[in-house]
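Student: A structural model of the following input is requested.
(3 chains)
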Amino acid sequence: MAEATLGQLAARFGLVLQGDPDVRVTGVATLRDAAPDTVSFLANPRYRRYLAQTKAAAVLVDAAAAGDCTVAALISPNPYAAYARIAAWLHPEPVAPPGVHPSAVVDASARIAASAHVGPHVVIEADAEVGERVVIGPGSVLGAGARIGADTRLAARVTLYRGVRVGQRCILHSGAVLGADGFGIAQDVDGWVKVPQLGSVVVGDDVEIGANTTIDRGAIEDTVIGDDVKLDNQIQIAHNVRIGAHTAIAGCVGISGSTTIGSRCMIGGAVGIAGHLEIADNVAVLGLTLVSRSLTKPGIYSSSVPAMEAGQWRRVVARLRHLDELFGRVRALEGRRTDPDPEHS
Amino acid sequence: MAEATLGQLAARFGLVLQGDPDVRVTGVATLRDAAPDTVSFLANPRYRRYLAQTKAAAVLVDAAAAGDCTVAALISPNPYAAYARIAAWLHPEPVAPPGVHPSAVVDASARIAASAHVGPHVVIEADAEVGERVVIGPGSVLGAGARIGADTRLAARVTLYRGVRVGQRCILHSGAVLGADGFGIAQDVDGWVKVPQLGSVVVGDDVEIGANTTIDRGAIEDTVIGDDVKLDNQIQIAHNVRIGAHTAIAGCVGISGSTTIGSRCMIGGAVGIAGHLEIADNVAVLGLTLVSRSLTKPGIYSSSVPAMEAGQWRRVVARLRHLDELFGRVRALEGRRTDPDPEHS
Amino acid sequence: MAEATLGQLAARFGLVLQGDPDVRVTGVATLRDAAPDTVSFLANPRYRRYLAQTKAAAVLVDAAAAGDCTVAALISPNPYAAYARIAAWLHPEPVAPPGVHPSAVVDASARIAASAHVGPHVVIEADAEVGERVVIGPGSVLGAGARIGADTRLAARVTLYRGVRVGQRCILHSGAVLGADGFGIAQDVDGWVKVPQLGSVVVGDDVEIGANTTIDRGAIEDTVIGDDVKLDNQIQIAHNVRIGAHTAIAGCVGISGSTTIGSRCMIGGAVGIAGHLEIADNVAVLGLTLVSRSLTKPGIYSSSVPAMEAGQWRRVVARLRHLDELFGRVRALEGRRTDPDPEHS
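Tutor: Below you'll find the model as predicted:
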């Protein structure tokens, strides 16, 4: 853990300090549970009620909220991003020492940077390349020809199939699998014929990939994940998907084959996206939505239904089955107005 | 496999026996396929039709069904729980011998109980603690400072990140990942800033965690799983979620960050729960439902739509797009009643 | 990479060649990016627009499209299956050399075929059986008594729990877990009682199982996956499910316990299927659908709603909550027609 004065934090991170610059802090905390040697932050208005009672040394706020601070304020136009940077600086990642653990099995043809850390029981196959300061967690497997750029970290038990390429400064969490065969099967008279998956997976720089997320290799061309893409846990990305830079995808999303997603999109949890679609830049999709057509315009899209009391919802569903018929009935009723039945008028 | 007479089972498990106490049984079976040396059970009324033909030595039933038994009956107010206990007693788990496999890589500072079993290719980092009679399956990884309480069993290939704490008598299935970073990212002008995930995961006693389920570490405070919580496979639990005691969650559920779920809840398969919500005790949510608001009262909730023939459903969906308009049209029609159009009256 | 003339391909794969039989090809490519020494294919009409400009040596097409080929045509009634076979032949899988890696931990009682490949850090427990030419990828774990048929390939980090049986020519991708305990819990007054999961998993021949897919062992009887079943990534199959031959299931599907699925079914992505159901042969279910009742007839089923602009969808959802009431209002309006209000007629 590092230590700093509020004045040092303000100078280092370009913040306006309202309060005593000589107060020392050693960590970060939530508004509610902050000790007097910590920095807290207000990013979600939901937690504003805790601002008045916080015991933090200082709170990261935007200018509008600074007046409500009863303790020191560190003012930023983007307090959450400033918090993220300060937290990373006060709580640095443990450093993994360079070197290859003796239990690791590394092919003689693999090129491992001297500054890289290769953990216990790692397997690195022929011609793989591991860049400077890379960390490969215990039990991870790099297939033949896989390549990992500088400063990327793999947690325990990550799989890169042969030929998969990952850029610099990426983080891959435990259980992630990159480069398994895409789901390519051709129907023939007596069953399925496997379609060889000959492409690979190419991941840009600054990408984070969550635990147990899977990204399949392409059928012929590659599956491509752009720079600064952020993927949560248990996402499934099928073959030949392309995801544009800065797009963030929440947990449990499934993206079908050959779909292209633009840049700076935000995809909510458990969304399903069909195959062969084009999603424009700056599209947001709310959680549990099905995207079955291309979305060619930026905007927010949804098709999810929030929970109701189950008995009430059961009646809605029963009615849904007759919705088409209801439209007909209303049309019939309206028909009387525009073309009234003489018998009743 | 153990062996017992029906009389011994009745005595040991507090059951009323209707039948010959000296008949011997060696295992359990379904009603349909039972051999004469097995005990069966009737818990789901769906299978009552098999009661008359079963060849089991005895059937676990409640008092109401005992009269329908043509073989011996072991009567319990809760035949399924009684079955579970008898099955566990007749079919004990294989015992893993104490000791650390020579291929395991265990840091010198880790404390491993002498009665614990550490399997092949396990990795245990600095300062981790493994309690009495714990079983660590092959290829599992315990990060620095992780702690596992007595009698807990990890299957093959489980990951506990650094500092994760698991209670006593838990079962963690293969591929489970506890303590990966939560999905914390702050948007800045030129892309995402990673928000350090400084909390941990704390799992109570008697918790079961399914295969490939992921539980993220907290952003600042911990993610907390209460005692006797039962989690099926492929569940995703985000940072700072808190789950109350005795809650059971079926497969493929996703729970977003900072949501609190009460005690004794039952969450169906593939449910999605949004972030920052409060779910009361004793809430049941049916499968494939979206929970996007807090549920403050016990009850059963749903928003899932059962499958229809696809052509019929397509018409419903087309109509849904015009539902708002339909309400307007009905309002217009009703308008004639309360404010009748003079031309038609 | 292999090499062939178009004439050789036509002869070997039973195709009609329209063009020069002596042109040599060394690989496959998409229509759009094909080099002159590659074979391409037209299977999805979406890509027909690229047919005229392709630089491929030849294109696999059906007879109807052959006339539109400006390059050579290899004509098949099923060009996609023909493509799959040609691609596999031109791009053969790397061969894994027979033998057990010295870092693997193999119990003395296990039977490993001499032609099998057992990779680094694999663990094979007592009495397991590994057939001829089987490949076990790095870090995989075979529990006691697990059996793998000839020519089956396990990628890195696959888990088979004790007693799991896998047929011949199967492919299991990284992170797949077969045989974890089913989610069997019995409610008792003071919490949950675990129901021992005493069955196993039995997988037929020619089955493919995707990355991080989980198949639970049966409670008493086995969970059964039929021949030529194709499972994509991150599928969850609960205890005692039975899946018929040739059924294909896309990613992120969850199937609850004791459900039987017929043969030649096609289940779309993220579908949820409830427990104890019967799904007939030749049923297709579209993505994100909930199947909560048995489907006894072949056909296509759906309940998924495609995304709309979020504000518009919010109004639909608000209306849905009042749908039951709307039916009543329409009924009331219709009441006037069959039993007209004298005041208005």
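Student: skipping its backbone neighbours, what lies nearest residue A:293 in space?
Tutor: residue C:306 (6.2 Å; C-beta to C-beta, 6 or more residues apart in numbering or on different chains). The C-beta positions use only the backbone N, C-alpha and C, and glycine is treated the same way.
Student: same deal with residue A:31?
Tutor: Per C-beta to C-beta, 6+ apart, closest to residue A:31 is residue A:50, 3.8 Å.
Student: residue contacts, the one you found?
Tutor: A:30, A:31, A:32 (C-beta atoms under 8 Å, 6 or more residues apart in numbering or on different chains).
Student: is stretch A:179-195 anywhere near chain C?
Tutor: Yes: using C-beta under 8 Å from any C-beta of the partner chain, we find that stretch A:179-195 touches chain C at A:180-181, A:183-188, A:191-195.
Student: got those residues as CSV, with neighbour count and distance to residue C:311 columns?
Tutor: Shown next, in CSV, are those (neighbours: other C-beta atoms under 10 Å in any protein chain shown; distance: C-beta to C-beta, whole Å):
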residue, neighbour count, distance to residue C:311
A:180, 28, 39
A:181, 23, 41
A:183, 26, 35
A:184, 25, 38
A:185, 19, 40
A:186, 18, 42
A:187, 15, 41
A:188, 15, 47
A:191, 15, 47
A:192, 20, 43
A:193, 19, 46
A:194, 18, 45
A:195, 25, 41
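Student: and these, which two are furthest apart?
Tutor: A:180 and A:188 (23.0 Å; C-beta to C-beta).
Student: just put the residues of stretch A:179-195 next to chain C in TSV and tack on distance to residue C:42 and secondary structure.
Tutor: Formatted as TSV, these follow (distance: C-beta to C-beta, whole Å; DSSP: H, G, I helix; E, B strand; the rest coil):
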residue	distance to residue C:42	secondary structure
A:180	27	strand
A:181	22	coil
A:183	20	coil
A:184	16	coil
A:185	18	strand
A:186	13	strand
A:187	16	strand
A:188	17	strand
A:191	23	strand
A:192	20	strand
A:193	17	strand
A:194	20	strand
A:195	14	coil
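Student: which positions in the stretch 1-150 of chain A make contact with chain B?
Tutor: So far as C-beta under 8 Å from any C-beta goes, the stretch 1-150 of chain A lies against chain B at A:27-30, A:33, A:43-44, A:46, A:78, A:80-81, A:83-85, A:87-88, A:91, A:94, A:101, A:103, A:119-121, A:137-139.
Student: what subset of these is buried?
Tutor: In those, burial by neighbour count holds for A:27-30, A:43, A:78, A:80-81, A:83-85, A:87-88, A:91, A:101, A:103, A:119-121, A:137-139, counting by 16 or more other C-beta atoms under 10 Å in any protein chain shown.
Student: if we can go back for a sec, out of the residues of stretch A:179-195 next to chain C, which comes closest to residue C:128?
Tutor: Using C-beta to C-beta, those come closest to residue C:128 at residue A:180, 23.6 Å.
Student: give me the pLDDT for the closest one.
Tutor: With respect to pLDDT, residue A:180 scores 98.
Student: now do the same contact list for it.
Tutor: A:159, A:161, A:214, A:216, A:217, C:155, C:173, C:174, C:210, C:211, C:233.
Student: if we go to 7 Å?
Tutor: A:161, A:214, A:216, A:217, C:155, C:173, C:174, C:210, C:211, C:233 (C-beta atoms under 7 Å, 6 or more residues apart in numbering or on different chains).
Student: related to what we said a few turns ago, among the residues of the stretch 1-150 of chain A next to chain B, which are in helices?
Tutor: Those of the residues of the stretch 1-150 of chain A next to chain B mapping onto helices are A:80, A:81, A:83, A:84, A:85, A:87, A:88, per DSSP state H.
Student: in CSV: those, plus pLDDT and distance to chain C.
Tutor: Converted to CSV, those look like this (pLDDT from 0 to 100; distance: C-beta to the nearest C-beta, whole Å):
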residue, pLDDT, distance to chain C
A:80, 97, 23
A:81, 97, 26
A:83, 97, 29
A:84, 97, 28
A:85, 97, 32
A:87, 97, 31
A:88, 97, 29
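Student: all helices for chain A, in order.
Tutor: A:6-13, A:63-66, A:79-90, A:310-320, A:323-338.
Student: could you single out the most deeply buried of the ones you listed?
Tutor: helix A:79-90 (a mean of 22; mean count of other C-beta atoms under 10 Å in any protein chain shown).
Student: and that one, what does it pack against?
Tutor: Counting contacts by 3 or more C-beta pairs under 7 Å, 6 or more residues apart in numbering or on different chains; DSSP states H and E, helix A:79-90 packs against helix A:6-13, strand A:27-28, strand A:38-41, strand A:58-61, strand B:185-188, strand B:191-194.
Student: up against chain C, what does the stretch 201-345 of chain A have?
Tutor: A:212, A:214, A:216, A:220-221, A:234, A:236, A:238, A:254, A:256, A:272, A:274, A:276, A:285-286, A:289-293, A:299-303, A:305-306, A:308, A:315-316, A:319, A:326, A:329-330, A:333, A:344 (C-beta under 7 Å from any C-beta of the partner chain).
Student: out of these, which are buried?
Tutor: Going by neighbour count (16+ other C-beta under 10 Å), these have A:212, A:214, A:216, A:220-221, A:234, A:236, A:238, A:254, A:256, A:272, A:274, A:285-286, A:289-292, A:300-303, A:305-306, A:308, A:316, A:319, A:326, A:329-330, A:333 buried.
Student: so of these, which ones are in strands?
Tutor: Using DSSP state E, A:214, A:216, A:236, A:254, A:272, A:285, A:290, A:291, A:300, A:301, A:302, A:308 are the members of these that sit in strands.
Student: pLDDT score for the third one?
Tutor: As predicted, residue A:236 sits at a pLDDT of 98.
Student: any idea what it is bridged to?
Tutor: Note on residue A:236: beta-bridge partners by DSSP bridges are residue A:214, residue A:254.
Student: on that earlier part again, distance to residue B:110 and pLDDT added to the contacts of residue A:180, as CSV?
Tutor: As requested, the contacts of residue A:180 are exported to CSV (distance: C-beta to C-beta, whole Å; pLDDT from 0 to 100):
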residue, distance to residue B:110, pLDDT
A:161, 32, 98
A:214, 31, 98
A:216, 37, 98
A:217, 37, 98
C:155, 30, 98
C:173, 32, 98
C:174, 28, 98
C:210, 35, 98
C:211, 31, 98
C:233, 34, 98
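Student: now restrict those residues to buried residues only.
Tutor: Buried, going by 16+ other C-beta under 10 Å: A:161, A:214, A:216, A:217, C:155, C:173, C:174, C:210, C:211, C:233, out of the contacts of residue A:180.
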